[in-house]
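Asker: Sequence plus the predicted model coming up.
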Amino acid sequence: MEKYQEIERSIIKKYRKDIWSKFVKAVKEYELIHENDTVMVCISGGKDSFLLAKCVQELERHSEIKFKAHYVVMNPGYTEKNKNYIIENAHLLNIPIEMFESDIFDVVNSVASKSPCYLCARMRRGYLYSKAKELGCNKIALGHHFDDVIETTLLSMLYGSEIKTMMPKLHSENFEGLELIRPLYLVKEKDILSWRNNNHLTFLNCACKFTERNDIDREGTSKRKEIKELIDNLRQINKEVDHNIFKSLDNINLNCVLGVKKDGKYASFLEEYDR
């Protein structure tokens with residue numbers, strides 16, 4: 001059995017409950033992939049996006065719902081070493097990647113010394129949407145997982161003063177007919193790490209030239225890292241805290257909130273209070 005076949009088998013067999021079933025559940029429950037969709041699976045080089053690619057690949061081969069997938073790597077300016085690392089991993093995993101070039105790292109490095117990750121993310125999104133349109137795709141799949149969702153929820157509450165989360169799918173505001181989907185929405189990071197380690201795989205973390213030079217400062221001040229540690233600490237007190245944070249966004253009691261905002265319009269509870 002080839003290495004990639006062992007890896008595929010591990011997703012279906014060993015990690016059926018923790019990865020495969022949750023991936024399939026998200027696809028079905030949130031109606032992420034439909035008949036005749038053309039999905040661009042975005043691969044950054046990390047563990048999450050490569051696992052996403054393998055799961056979509058399995059679904060593409062065996063699902064009763066017929067759809068097509070493109071496995072796309074955007075090179076934002078990786079070093080040759082990191083670029084080759086992604087190509088080697090794609091070969092190891094038997095993923096037929098399509099790579100295209102951009103100059104995002106150079107642009108971000110020259111103009112955004114204080115918030116490079118924010119600008120990088122915005123520029124990446126624009127390039128990816130444009131590539132998806134070029135390929136004739138109607139959906140873009142990203143590798144965000146369960147932990148990203150609950151961390152985003154707490155980040156919004158503690159630092160953004162609002163209750164919102166990372167949605168399983170979104171319509172593009174600037175590219176008509178394109179939708180962003182997150183098929184790993186219910187998969188926990190600890191299980192992705194276990195899959196990676198069990199298969200003796202290594203992936204890129206952040207290969208950004210800017211953050212490589214500022215790694216110590218970045219790690220020390222990262223709000224997401226802070227939230228991750230907070231959740232870890234809460235988990236020691238309440239083992240259900242992950243589920244409870246996640247479920248709270250699917251169980252909002254509108255009778256017990258001060259106000260809500262939809263499409264940019266705010267409504268206070270007072271507007272309905274005496275009716």
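Answerer: Yes, it's here.
Asker: helices and strands of this protein: which one bottoms out on pLDDT?
Answerer: helix 215-221 (a mean of 44; mean pLDDT, DSSP states H and E).
Asker: And the next helix or strand after that one, what does it pack against?
Answerer: Per DSSP states H and E, helix 215-221 leads on to helix 223-237 as the next helix or strand towards the C-terminus. Judged by 3 or more CB pairs under 8 Å, 6 or more residues apart in numbering; DSSP states H and E, the packing partners of helix 223-237 are helix 146-160, helix 241-248. C-beta: built from backbone N, CA, C; applies to glycine.
Asker: most packed of those?
Answerer: Across the helices and strands packed on helix 223-237, the average number of neighbours (mean count of other CB atoms under 10 Å) peaks for helix 146-160, which reaches a mean of 18.
Asker: Can you check what angle separates it from helix 223-237?
Answerer: Counting by axes from the mean of the first three to the mean of the last three CA atoms, to 10 degrees, helix 146-160 lies at 110 degrees to helix 223-237.
Asker: what's the average pLDDT for helix 146-160?
Answerer: In this model, helix 146-160 has an average pLDDT of 96.
Asker: Can you tell me the element M40 falls in?
Answerer: Mapping M40 onto the secondary structure by DSSP H and E places it in strand 38-42.
Asker: Which elements pack onto that strand?
Answerer: Against strand 38-42 (3+ CB pairs under 8 Å, 6+ apart) you get helix 47-62, strand 68-75, helix 116-135, strand 139-141.
Asker: Which of these sits closest to K225?
Answerer: Smallest distance to K225 across the helices and strands packed on strand 38-42 (CB to CB): 12.0 Å, for helix 116-135.
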